[in-house]
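Participant: here is the input, now give the coordinates:
(one chain, ligands or ions: 1)
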Amino acid sequence: VPIGIGDDCAMISPPAGAAILTSVDTFTEGVHFFSGTNPKSIGHKALAVNLSDLAACGAQPLGCLLALSLPTIDDIWLDEFSQGFRALASAHGCPLIGGDTTRSAPGSGVSITVTVFGMVPDPSMVIRRNTAQVGDDIWIADSLGAAAAAVAVRYQRLSPNQLNLLACDHALDYPQPQLLLGQSLRKIASAAIDVSDGLVADLTHILRASAAVDASANSIDPSLGTSLGACLQARAIPVDIALHALPERQALNLALYGGDDYRLCFTASPKNQQTIQNIAQTISIPLHRIGRIVATAGVTLEQRDANESLQELGYEHFR
Ligand SMILES: [Mg+2]
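Facilitator: Model (predicted):
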């Protein structure tokens, strides 16, 4: 970044041949975070969700833009917000290269818009979500369900006594974008997405996008689509350890449908299994093979006793 914050524009000067990737997200009080959330967490998470999108594409961060809309200027709030934002930005080499602060209408909440820029050395290294193929393994990084459990507790749908609440709150408030994992999966993963809306919902995004591409490649009418589905093994789903005191099915449902985990879900040819296990060792993030891509539409859960068709439930975040 030869020109950072302070001029009329910032300038990004990527190495020859590199591809620039960009993503934007708005983070609104009362919709994406609860009123009264620790400002440090808000600063962290507003950037983390964007970095997570870069991670899903295999990109390395270059810089970010921040637009803040505040009903009142509260210096303490701003200071804590900046601490959370800056700590994550510097941990991932993603400098703030431009920003704007405006006053929002009285009575409205805080609104934060972050734009990130990242790069891959070569356009062929971008990991897409529309390139999964029948026979691919489905993988998920780390664990699932803790952030959704924290949301459920805040809505009083779940008793805090059954959980490691501290760990769940931390998962919700301080998600860690899996940038190193994404970069390690270039040329290894056939498709990837970050789990923001829930495993089943985001996996369905991969299936739909890949089926559409498959159909057009085979010069079938793309509107017909090709069937692409997923078969998941219940016992392989990595339910977060903070949920282990919950009834098994309740914990599994939080892992399958809960959002806000920001783990990478990716697909890969079975011939890459050993390479992927080696990546897990190198970057110290457990990677779990949870199922495979099949030619029948829908997501099926294989259990000890029976197979079950899973509904695609959209995660409602905080509404
Ligand atoms: Mg995403």
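
Participant: residue contacts, the residue of the stretch 1-150 of the chain found nearest the ion?
Facilitator: Using CB to the ion, the closest approach of the stretch 1-150 of the chain to the ion is made by Asp53 at 4.4 Å. Bear in mind the C-beta positions are built from the backbone N, C-alpha and C, glycine included. Asp53 makes contact with 23, 25, 116, 194 under the criterion CB atoms under 8 Å, 6 or more residues apart in numbering.

Participant: can you redo those as CSV with distance to the ion, neighbour count and secondary structure?
Facilitator: Formatted as CSV, the contacts of Asp53 follow (distance: CB to the ion, whole Å; neighbours: other CB atoms under 10 Å; DSSP: H, G, I helix; E, B strand; the rest coil):
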residue, distance to the ion, neighbour count, secondary structure
Ser23, 8, 19, strand
Asp25, 9, 19, strand
Val116, 11, 26, strand
Asp194, 4, 26, strand
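
Participant: tell me how far the residue of the stretch 1-150 of the chain closest to the ion lies from Ala201.
Facilitator: From Asp53 across to Ala201, the span is 16 Å (CB to CB, to the nearest Å).

Participant: do the same with Pro14
Facilitator: For Pro14 relative to Ala201 (CB to CB), the value is 33 Å.

Participant: of the two, who's got more company?
Facilitator: Using other CB atoms under 10 Å as the criterion, Pro14 and Ala201 rank with Ala201 on top: 20 against 15.

Participant: buried sites along the helix or strand hosting the more buried one?
Facilitator: Assigned by DSSP states H and E, Ala201 falls within helix 199-217. Buried residues in helix 199-217, counted by 16 or more other CB atoms under 10 Å: 199-215.

Participant: and what of stretch 57-77?
Facilitator: Result for stretch 57-77 [16+ other CB under 10 Å]: buried residues 57-70, 77.

Participant: show the end-to-end separation of that stretch, please.
Facilitator: Criterion CA to CA, to the nearest Å; first-to-last residue distance in stretch 57-77 is 33 Å.

Participant: and the helix holding Ala201, how far out from the chain's middle?
Facilitator: What separates the centre of helix 199-217 from the centre of its chain is 17 Å, taken as CA atoms, centre = their mean, to the nearest Å.

Participant: could I get the average pLDDT for that helix?
Facilitator: Helix 199-217 carries an average pLDDT of 87.

Participant: which strands and helices lie in contact with that helix?
Facilitator: Applying 3 or more CB pairs under 8 Å, 6 or more residues apart in numbering; DSSP states H and E, one finds that helix 199-217 contacts strand 191-194, strand 229-233, helix 248-257, strand 264-268, strand 298-302.

Participant: export these as JSON lines, with columns for distance to Phe34 and mean pLDDT.
Facilitator: Below are these laid out as JSON lines (distance: least, CB to CB, whole Å; pLDDT from 0 to 100):
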{"stretch": "strand 191-194", "distance to Phe34": "22", "mean pLDDT": "98"}
{"stretch": "strand 229-233", "distance to Phe34": "31", "mean pLDDT": "96"}
{"stretch": "helix 248-257", "distance to Phe34": "18", "mean pLDDT": "95"}
{"stretch": "strand 264-268", "distance to Phe34": "26", "mean pLDDT": "98"}
{"stretch": "strand 298-302", "distance to Phe34": "30", "mean pLDDT": "93"}
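
Participant: next, Val67: secondary structure please.
Facilitator: Val isn't right for residue 67; it's Ala. Classification of Ala67 using DSSP: H, G, I helix; E, B strand; the rest coil returns strand.

Participant: chain neighbours aside, what residue packs nearest to it?
Facilitator: Once flanking residues are discounted, Ala67 sits nearest to Thr113: 4.3 Å by CB to CB, 6 or more residues apart in numbering.
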